[in-house]
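K.L.:
make a model of this:
(one chain, ligands or ions: 1)
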Amino acid sequence: MNPHRRDFLRAVSVGSLAAAALDSESNARAAGPPGRPILLPRTDLQIAAIETYTRGTNLSIVRVIASDGSDGFGQAAPYDADITATVLHRKVAPLWLGKDPAAVQSLVQQSVESNYKFPWSFVCRATAGVETAVWDLLGKKAGKSVCRLLGGDPRPLPVYGSSMSRTITPEREAERIKRLKEEKGFTAFKIRIGKVNGHDEDQWSGRTEALVPAVRQAVGRQTVLLADGNSCYTPKKAIAVGRLLERHDYRHFEEPCPFWELEWTQKVAKALRIPIAGGEQDNDLAQFRRMIRMGAVDIVQPDVCYVGGVSRTMEVAAMAAEKRLKCVPHSANLSMLILFTLHIFAAISNPGDHVEWTIENDEWTRDLYSPAIDVREGKVEAPEGPGWGVEINPTWLAAAAKLESHAKD
Ligand SMILES: [Mg+2]
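P.N.:
The predicted model follows:
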């Protein structure tokens, strides 16, 4: 076995899920065994209203208001968020209104099971919106960050600079990564190889073969490099590309094959020494269980918003921990998703070495919340303060399309 892979797997402790709850006098801390729900004692509150604030098609912020007027903010999954907001009010909100916010984990489960005719996808994308807003509310009530509610210890976390571009040339990508390393102190980066769902085609002929060595040469041997295939390859081609990555000392190969073809990915994982990462698109917990048990992936990457929120991400992390695998939640943009990810990353027992941090300048996430967060000496810390630790910018909300659902009296 490749030494990187071996060290990587050995470094994962099979600790119990870092599960905790609200504080004792008000609410008792109660860590559970791996994968078990976090015990949150009842509050005397009910969820009175759920509001969505949607701008364009990319982003929908969710506000949950409790019966005492306190509130919390979360976010549904980005992209086609206007559709998600409709699903949220029609298919998810009615299940949460009038309920105790401390029942958050069972309400997530009910949201998925009650919508069994519409499994996962938009139901999970919408559920994540309500659920993350409820965690903010619970944190504010307890005067604690969500990270601490989950039993975590907030701290600066190393990030990897994640390129989202396949249109950039190998030369320009190598230059850009070298400059960012010098300017912001990144110790790791991820590049895009092949073509999205590419059926073995490259973005253009020879790009991957030029990019992989060019970036390694630009940053030297000490910088961690990762590569993402975004479901490009058949197993045969993936193994050939994986060997190229191994020759240049890359440390993970993400989504080498179409993500739904677990047997293909398993075959690639068996053939290669480089650790295989995957799971960002998946939202079915049973599918995560399968991919972990069959050894298709070495690094598990649930996306907090795609999978259905904090509770389900913690469940996936616990499943991975039981098999001594690391969990690196997918966080490809600087919307509230990166906040959720930072809080969770510092709370799970099996985090990877770096949090994903986009190096693209996305206009649609700009000025969404304050305080803004940024990379310092290659690290980022979640803002201090209760809940997610941020205020949603009032001018951002004022420019959004608002929908609301209310509990019946
Ligand atoms: Mg990816």
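
K.L.:
could you list every helix and strand in contact with the helix or strand where Ile292 lies?
P.N.:
Using DSSP states H and E, Ile292 sits within helix 285-293. Helix 285-293 is packed against helix 262-271, strand 299-300, helix 310-322, with contacts defined by 3 or more Cβ pairs under 8 Å, 6 or more residues apart in numbering; DSSP states H and E. For every residue, glycine as well, the C-beta is placed using N, CA and C.

K.L.:
pull the helix or strand with minimum mean pLDDT from this protein.
P.N.:
In the chain, the helix or strand scored least confidently by mean pLDDT, DSSP states H and E is helix 3-10, which has a mean of 40.

K.L.:
thinking again about what came up before, wait, which of the helices and strands packed on helix 285-293 is closest to Asp71?
P.N.:
helix 310-322 (17.4 Å; Cβ to Cβ).

K.L.:
for that closest one, give the mean pLDDT please.
P.N.:
Regarding helix 310-322, the rounded mean pLDDT is 97.

K.L.:
tell me the secondary structure at the closest residue to Glu360 other than its chain neighbours.
P.N.:
In space, and not counting its chain neighbours, Glu360 is closest to Met164: 4.7 Å by Cβ to Cβ, 6 or more residues apart in numbering. Of the three states, Met164 takes coil under DSSP: H, G, I helix; E, B strand; the rest coil.

K.L.:
what's the closest of the helices and strands packed on helix 285-293 to Arg176?
P.N.:
strand 299-300 (24.5 Å).

K.L.:
please state the offset of that closest one from the chain centre?
P.N.:
Offset of strand 299-300 from its chain centre (Cα atoms, centre = their mean, to the nearest Å): 11 Å.

K.L.:
that strand and the ion, are they touching?
P.N.:
No. Using Cβ under 5 Å from the ion, strand 299-300 stays clear of the ion, coming no nearer than 10.9 Å.

K.L.:
next secondary structure after the least confident helix or strand of the chain?
P.N.:
Defined by DSSP H and E, the subsequent element after helix 3-10 is strand 47-55.

K.L.:
elements contacting the following helix or strand past that next one?
P.N.:
Scanning forward in sequence from strand 47-55 by DSSP H and E, the next helix or strand is strand 59-66. On a contact count with 3+ Cβ pairs under 8 Å, 6+ apart, strand 59-66 meets strand 47-55, strand 71-75, helix 81-87, helix 122-142.

K.L.:
which positions within the third one qualify as buried?
P.N.:
For helix 81-87, a neighbour-count test (16 or more other Cβ atoms under 10 Å) marks Ala81, Asp82, Ile83, Thr84, Ala85, Thr86, Val87 as buried.

K.L.:
tell me the bridge partners for Arg63.
P.N.:
Per DSSP bridges, the residues bridged to Arg63 are Glu51, Phe73.

K.L.:
helix 310-322 and the helix holding Ile292, what's the angle between them?
P.N.:
Counting by axes from the mean of the first three to the mean of the last three Cα atoms, to 10 degrees, helix 285-293 lies at 20 degrees to helix 310-322.

K.L.:
now helix 285-293, how far from the chain's geometric center?
P.N.:
With Cα atoms, centre = their mean, you get 17 Å for helix 285-293.

K.L.:
how many neighbouring residues does whichever residue of the chain sits closest to the ion have?
P.N.:
Distances between the chain and the ion by Cβ to the ion are smallest at Asp228, namely 4.4 Å. Per other Cβ atoms under 10 Å, the neighbour tally for Asp228 reads 26.

K.L.:
identify the residue nearest it in space, chain neighbours excluded?
P.N.:
Per Cβ to Cβ, 6+ apart, closest to Asp228 is Glu254, 4.1 Å.
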